[in-house]
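**Student:** coordinates only, sequence not included:
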């Protein structure tokens with residue numbers, strides 16, 4: 001019964017947890033200390049090995065360079081030619097001391113030594129084939145290591161011998177290497193030490209676990225009880241090896257000291273933790289029971305009851321406060337999620353594009369309000385139905401599901417909608433996989449691009465008409481000019497006048513078309529501007545009539561001007577209004593029959609002046625008038641022989657008039673034809 005008490009269980013559990021925790025932390029930390037200290041020591045050994053390799057390479061490069069410099073000295077060549085060994089030896093002493101070398105030897109071409117300076121090399125190396133590098137040469141009963149380099153001496157084409165220079169790898173050398181690398185050095189030849197920076201290179205060594213790691217022998221040994229970590233470095237493949245040893249007595253002592261401190265710390269922490277655990281368990285046992293009851297109520301969904309526990313233990317009070325905060329935050333989060341859901345629903349309603357999701361079988365699982373507006377299908381009537389039942393492709397064989405684009409791609413499909421209309425939909429798709437689930441759905445986002453497709457078709461029609469509009473007058477101009485070039489002397493004045501009128505008409509037509517193209521581009525780019533000023537409407541009309549007179553004469557059309565006796569001045573850009581009248585008169589001539597009259601009139605209105613251009617053409621159907629002033633839409637004509645043109649003139653007319661603050665209109669003309677009108681503000685009305 002005692003072990004079922006909360007306080008007792010907490011005490012036992014807490015003590016056991018403390019012991020397990022300090023053991024889990026302490027034992028690995030002790031192992032890490034040992035491993036880290038070993039790694040640091042071996043890292044220092046490896047660094048010394050790399051530094052030694054670099055120093056040996058530098059020394060070898062240095063001695064080779066000194067051999068070259070010595071062999072190229074002119075004084076050396078002169079002394080060899082004088083055949084004075086004493087003077088040559090003195091000179092070699094000077095060179096050797098300046099270069100800090102241990103040996104400098106000059107050999108004759110017959111491989112006999114001429115002069116030597118420095119230590120005795122112990123053998124006649126002049127007779128051997130010298131290779132730059134490390135050499136082990138016998139000296140008495142013991143071998144001796146050298147770093148040698150040679151270079152031939154020549155006077156032009158005549159060989160004078162060769163020079164051999166070198167360093168003795170003796171005790172001084174290895175001590176210098178030890179100072180530079182931070183480790184002790186011992187040079188070995190066939191298991192016998194030849195030079196060492198240790199006090200005893202071989203005596204009293206105790207080898208411990210030597211091994212071959214990464215191509216280098218490494219291990220441990222001790223001398224007089226002092227431990228060392230060592231590795232071996234082979235010098236250029238010779239039997240000469242450099243043993244690099246690091247004394248680790250200090251490292252071992254530090255390691256043992258850290259381990260002792262760690263063990264003491266672990267025991268102290270375990271004791272203190274156990275005592276604190278017992279004390280805390282007794283203080284928090286009783287209020288924890290009440291807190292558990294409160295948490296149980298909250299887990300069952302009771303978020304209305306506050307989590308209040310009276311206790312003098314600060315931690316328990318904080319837990320109670322955190323539990324109460326969690327209850328309040330949970331209520332607030334639920335309310336926020338409900339608001340976000342409502343906002344998401346509102347956002348989906350506001351999206352213009354249609355959004356639809358389908359399961360793997362093609363059944364619709366979601367249908368947004370945008371999809372309802374585009375297709376005409378209601379949300380509750382499409383859920384659960386197959387998409388092929390609702391969307392029927394037009395002008396294509398096969399069900400709608402065959403034309404769904406792959407995720408990340410886009411495709412246009414023309415379908416029949418709920419009300420029988422046909423619409424071109426631009427569709428993109430994406431795969432949706434819910435978190436933690438494997439039921440992937442397909443999401444489609446579609447947009448009605450029927451109007452854009454219509455604009456593309458109109459643009460194609462426009463390009464074809466523009467090409468024709470340019471080709472016809474250019475062909476006529478070319479023919480007329482060719483005729484003038486070939487037959488000018490044979491043509492009568494009347495024929496010349498007719499050809500010139502034809503050229504003039506072609507140029508006027510091209511100029512009008514180019515003006516309309518430029519104005520359309522300016523309107524489209526947002527750079528279209530007018531500059532109104534007081535202007536005489538009669539002068540503007542006269543300029544436009546002068547421009548169009550050759551065209552009217554060609555078709556034998558009569559122009560009737562019906563202006564009142566007093567016409568007020570208008571606020572207008574004369575050049576732009578001339579362009580408006582030229583476009584309207586050009587259409588009136590093009591769509592009107594030959595020998596007919598075209599009337600130009602003006603009348604005051606409350607808003608300014610209304611200008612009219614009336615023709616005797618076939619007229620415009622009322623249902624076609626709404627789009628007549630849009631770009632690329634030419635006036636409709638019952639006469640199939642009439643070329644419609646580029647469809648830009650009336651859109652330019654509308655833009656110019658509205659920029660002046662007026663408006664354009666069209667109505668039927670009594671007796672047949674159409675009346676195009678536009679208004680301009682009068683000067684007195686400004």
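**Tutor:** Structure's in. What do you need? This is a predicted model, so every value here is computed, not measured.

**Student:** in the chain, where's the longest strand?
**Tutor:** The residue-count maximum for a strand in the chain (DSSP state E) belongs to strand 142-155.

**Student:** partners of it, with directions?
**Tutor:** Strand 142-155 sits in its sheet next to strand 133-139 (antiparallel), strand 158-168 (antiparallel), going by DSSP bridges.

**Student:** what's the angle between the lengthiest helix in the chain and strand 133-139?
**Tutor:** In terms of residue count, the longest helix belonging to the chain (DSSP state H) is helix 6-71. If you take axes from the mean of the first three to the mean of the last three CA atoms, to 10 degrees, helix 6-71 sits at 80 degrees to strand 133-139.

**Student:** and the next element down the chain from helix 6-71?
**Tutor:** With elements assigned by DSSP states H and E, the helix or strand that comes after helix 6-71 is helix 74-82.

**Student:** ok so, going back, counting by contacts, list what the longest helix of the chain packs against.
**Tutor:** helix 85-99, strand 142-155, strand 158-168, helix 171-181, strand 216-223, strand 226-234, strand 240-247, helix 249-299 (3 or more CB pairs under 8 Å, 6 or more residues apart in numbering; DSSP states H and E). No exception for glycine: its C-beta is placed from N, CA and C like everyone else's.

**Student:** for it, give the mean pLDDT please.
**Tutor:** Across helix 6-71, pLDDT averages out at 82.

**Student:** quick check, central residue of the chain?
**Tutor:** Residue closest to the average C-alpha location in the chain (CA atoms, centre = their mean): residue 408, at 18.9 Å.

**Student:** against residue 374, how distant is that residue?
**Tutor:** Residue 408 sits 22 Å away from residue 374, going by CB to CB, to the nearest Å.

**Student:** strands of the stretch 451-600 of the chain, residue ranges please.
**Tutor:** 533-535, 558-562, 570-572, 597-605 (DSSP state E, counting those that start in this stretch).

**Student:** hmm, who's touching the first one?
**Tutor:** Meaning strand 533-535. 569-574, 577, 683 (CB atoms under 8 Å, 6 or more residues apart in numbering).

**Student:** in that strand, what's buried?
**Tutor:** Judged by neighbour count (16 or more other CB atoms under 10 Å), strand 533-535 contains these buried residues: residue 535.

**Student:** pull up the pairing partners for it, direction included.
**Tutor:** strand 570-572 (antiparallel).

**Student:** which residues touch the strand it pairs with?
**Tutor:** By CB under 8 Å, 6+ apart, strand 570-572 touches 532-535, 537, 540, 577, 608-609, 660, 680-683, 686.

**Student:** redo that, cut-off 6 Å
**Tutor:** 532, 535, 537, 609, 660, 680-683, 686 (CB atoms under 6 Å, 6 or more residues apart in numbering).

**Student:** touching stretch 117-136 from outside, list them.
**Tutor:** For stretch 117-136, using CB under 6 Å, 6+ apart, the contacting residues are 64, 92-93, 96, 102-104, 107, 111, 113, 137, 139, 143, 145-150, 168, 189, 235-236, 238, 240.

**Student:** averaged pLDDT, it. What do you get?
**Tutor:** Stretch 117-136 comes out at a mean pLDDT of 81.

**Student:** now do stretch 309-326
**Tutor:** Rounded mean pLDDT across stretch 309-326 is 74.

**Student:** still on that earlier bit, in the longest strand of the chain, what's buried?
**Tutor:** Buried, per 16+ other CB under 10 Å, within strand 142-155: 143-151, 153.

**Student:** closest to residue 32 out of the contacts of strand 533-535?
**Tutor:** residue 573 (89.4 Å; CB to CB).

**Student:** give me the nearest residue to that closest one, chain neighbours excluded.
**Tutor:** Of all residues not flanking residue 573 in the chain, residue 530 sits nearest, at 4.3 Å (CB to CB, 6 or more residues apart in numbering).
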